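>>> below are the sequence and a predicted model; questions follow.
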Amino acid sequence: MTEKAPKLDKHIRLAHGNGGRYMRELIDALFAARLGDQGLDTRVDAAAVDVPQGVRLMMTTDGFTVDPLEFPGGNIGSLAIHGTVNDLAVAGAMPLYLTLNAFIEEGTEIKLLERIVDALAGAAREAGVKVVAGDTKVLARGECGGVYLATTGLGAVPNDLALDQQQVRPGDRIIVSGSIGDHGTSVLLAREEYGLRGDLQSDSASVLPITEMLLKHPGLRFMRDPTRGGLATVALELARESGLGMALEEDAIPLSEPVSAVCELLGYDPLYLACEGRVVAAIAPEAADDAVAELRISGVAPEAAVIGTVAEAPGPVMLTTGLGGQRLIDELEDDPLPRIC
Amino acid sequence: MRYIQGFRDGRTAEALSKLIAEEVRADRDYHLMEFCGGHTHAVFRHGIPDLLPDNIELVHGPGCPVCVLPVSRLDMAIELASDRNVILASYGDMLRVPASRRNSLLNARARGKDVRVVQSAVEALALARENPDREVVLFAIGFETTTPPTALAIKQAAALDLPNFSVFCNHVLTPSAIQSILDSPEVRRLGQVRVDGFLGPSHVSTIIGSAPYEFFAEEYQRPVVIAGFEPLDVLASIRMLIRQMNEGRAEVENQFTRGVSRNGNEKAKAMVAEVLELRPDFAWRGLGHVPYSGLRIKREFRRFDAEQRFGMVERDVRENAACQCPAVIRGVKKPTDCEIFGTVCTPRNPIGSCMVSDEGACAAYYRYRRYAEAV
């Protein structure tokens, strides 16, 4: 006679992290039930993985904290997959395997955790990546902001692929795959601190379809996903590492109306707000228009656009404003703070 | 909503830029002071100088709320926040402003003081209701735009009989500041600063109206154009100012008609008058002591006055001698005239308040024009 699966408590208790029965039941009911079909074997301490031949392996790791844990367009679970998958994808790699660490605060609702792991499993499945190992820790109430996740990813990249800032040449075009600041703004709205509400969705998504399409172009030099620090930070890093200046066109940068409105109200600059499903790429001038057309027509990135050009010489990142003036793009200092009036 | 983009259209800007170029006389130049930090911000963020002829010079005025607050008042706020029972509610851009001894509200918060960012005065009121066992103090700063909300919060606190809410009132008045600039020796006698006309405040004027500027236009023979904060507003207003000067007029004109009337917001003005009154004297950063330029809480509402409740004392503070913020605020110097600009004083390590806020002239120069000025 098999033991009936026990009903879990409604909330996480410290005992769910004690290595004993509660923990086993939590891991089985929460993680194994959702990730077992993707290769997660909770009975072993380490997972063996198959590695394709003739490739280099790439590894990346990322920690995830977000307040609130759920926001329009995703939650910390989907974010933890997208963040790590995207770091591999923009390096030109095919993500293969992930490990997952979960730090859970005592008192967290189990239902919330179920939604988080559901989203995580869904995002992993969609990106074709397997979560093969994991660990759970429970922290006492007040020692952790609900749930923190950390994922480490292993991906495969062709031996001959050379993508980095040093590949960038004068005259190369800068592409962005969609509107900027949607994630940063939707999380801000979800916090409801400022009494602002809206139907904006986070752009949190796997960028694999975009990077796969861009990788077909031999003229592709460099890709990056503009997360914290936004588009401006990626542009500045590219200018610094390539040793070349850059000219961006404000009018060409896709920006949704809600993001633009929230930024005006609070005095934020959308160029510095986070995205979680966009790609910024540098690509040879002769390939740029074709690449953007493909992204748009295929529906993979309907708002993709050429937003600037790499300069002939070292220099700053300059933005031609919609008005026709020039301004410097500078490094983000402290966190953006709302302006008084 | 196309409201924002409609006022930033590049083609309209090009047309306005041409009209301004046609309007200016080649045999003279034009020194226009934009009073407000909001204008300074718009000028730099949108690259407006690139659309103006060389003989139009924009002089940056003192209308940056966090820039003109003296260090001594900020020190008082930080001291207040070190009371463990106090929650200090502040507007966001006040947090980084340097106080004495390299302190700031942001540092105080990092050291565990309870400093909260609010977007409006009533949010501070809500904090007081949510934390009945704590003292919530609103660090109220700013010109006439932020004053009515402070008055409203005090009135609401009185109606609710809230025992744990008070206001550290630092509100200042725009007309007093303009007069102080026009009366300053640099402008009147020394000729160090030329201010031929003013781009008048937009948000402040929605409250006080355009009438208060009529005195300056008449008495000092300086044209004033109340200008909206959007870049096309600024361009259109510059054209109106140039035209007045060329025609030898010195009048108050209103470009920002969608927000400003001659008398302003009577209801807001009445509420301010009910709760707040003039201080005989207020020390501004940059302008120094300006008589009748600041507001304090009236006797009837003194139980909501943090200065009374906590027995706050203002101490003399010596400012960094190398910092030219005071001169920058008066329009006497450009940020690039300051020896420590961009070297010792940067947004990362601001010595003066003008390097902090997006509306401060130094920060705007540093962020948006550093390269243009260097070449």
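Structure received.
>>> for residue B:31, phi and psi?
When quoted as degrees, to the nearest 10, the phi and psi of residue B:31 stand at phi -110, psi 110.
>>> for it, give the beta-bridge partners.
Beta-bridge pairing of residue B:31 under DSSP bridges involves residue B:57.
>>> so it makes contact with residue B:191?
No. Assessed by CB atoms under 8 Å, residue B:31 is found out of contact with residue B:191, at 11.1 Å. From N, CA and C alone the C-beta is placed, and that goes for glycine too.
>>> same drill for those two, tell me which one is more crowded.
Legend: neighbour count by other CB atoms under 10 Å in any protein chain shown for residue B:31 and residue B:191, higher for residue B:31 (15 against 9).
>>> show me the contacts for that one.
When contacts are counted by CB atoms under 8 Å, 6 or more residues apart in numbering or on different chains, residue B:31 touches B:57, B:59, B:193, B:194, B:195, B:196, B:197.
>>> can you list the residues of the stretch 251-375 of chain B near chain A?
When proximity is defined as CB under 8 Å from any CB of the partner chain, the stretch 251-375 of chain B approaches chain A at B:347, B:348, B:357, B:358, B:359, B:366, B:367, B:368, B:369, B:370, B:371, B:372.
>>> need the nearest residue in space to the second one, chain neighbours excluded.
What that stands for is residue B:348. Excluding its sequence neighbours, the residue lying closest to residue B:348 (CB to CB, 6 or more residues apart in numbering or on different chains) is residue A:333, at 5.4 Å.
>>> burial count for that neighbour?
When neighbours are defined as other CB under 10 Å, residue A:333 has 15 of them.
>>> any idea how far it is from residue A:312?
Using CB to CB, to the nearest Å, residue A:333 is found at 29 Å from residue A:312.
>>> ok so, going back, going by distance to chain A, which of the contacts of residue B:31 wins?
Closest approach to chain A among the contacts of residue B:31 (CB to the nearest CB): residue B:57, at 16.0 Å.
>>> avg pLDDT for stretch B:214-234?
pLDDT averaged over stretch B:214-234 equals 95, rounded to a whole number.
>>> go on, stretch A:179-199?
In this model, stretch A:179-199 has a mean pLDDT of 85.
>>> ditto for stretch B:16-27
Model confidence over stretch B:16-27, given as mean pLDDT, is 97.
>>> before we move on, back to that, so among the residues of the stretch 251-375 of chain B next to chain A, where is pLDDT lowest?
residue B:372 (57).
>>> mind listing the helices for the stretch 101-250 of chain A?
In the stretch 101-250 of chain A, the helices defined using DSSP state H, counting those that start in this stretch lie at A:110-127, A:182-191, A:208-215, A:230-242.
>>> one step back: which among the residues of the stretch 251-375 of chain B next to chain A count as buried?
For these, a burial check counting by 16 or more other CB atoms under 10 Å in any protein chain shown picks out B:347, B:357, B:358, B:359, B:366, B:367, B:368, B:369, B:370, B:371, B:372.
>>> domain assignment for chain A?
As assigned by automatic domain parsing, chain A contains the domains A:14-158, A:165-329.
>>> among these, which is nearest residue B:271?
domain A:165-329 (21.1 Å; CB to CB).
>>> quick one: distance of that closest one to the chain centre.
14 Å (CA atoms, centre = their mean, to the nearest Å).
>>> which parts of the stretch 51-200 of chain B sit against chain A?
Near chain A, the residues belonging to the stretch 51-200 of chain B are B:51, B:65-66, B:91-96, B:106, B:117, B:119, B:141-143, B:145-146 when assessed by CB under 8 Å from any CB.
>>> in helices, which of these appear?
The helices, defined by DSSP state H, take in residue B:106 from these.
>>> what subset of the residues of the stretch 51-200 of chain B next to chain A is buried?
For those, burial is judged from neighbour counts taken by 16+ other CB under 10 Å, and it is met by B:51, B:65-66, B:91-96, B:106, B:117, B:119, B:141-143, B:145-146.
>>> give me the subset of these lying in strands.
Residues of these located in strands (DSSP state E): B:117, B:141, B:142.
>>> burial count for the nearest residue to the second one once chain neighbours are set aside?
It stands for residue B:141. With sequence-adjacent residues excluded and distances taken as CB to CB, 6+ apart, residue B:141 is closest to residue B:170, at 4.6 Å. By other CB under 10 Å, the residues close to residue B:170 number 26.
>>> low-confidence regions, the chain specifically.
By default, I'm working from chain A. Confidence mapping of chain A against pLDDT under 70 gives the ranges A:1-8, A:334-341.
>>> if you could check chain B rather than the one you did, that'd help
Low-confidence regions of chain B, defined by pLDDT under 70, span residues B:1-3, B:190, B:371-375.
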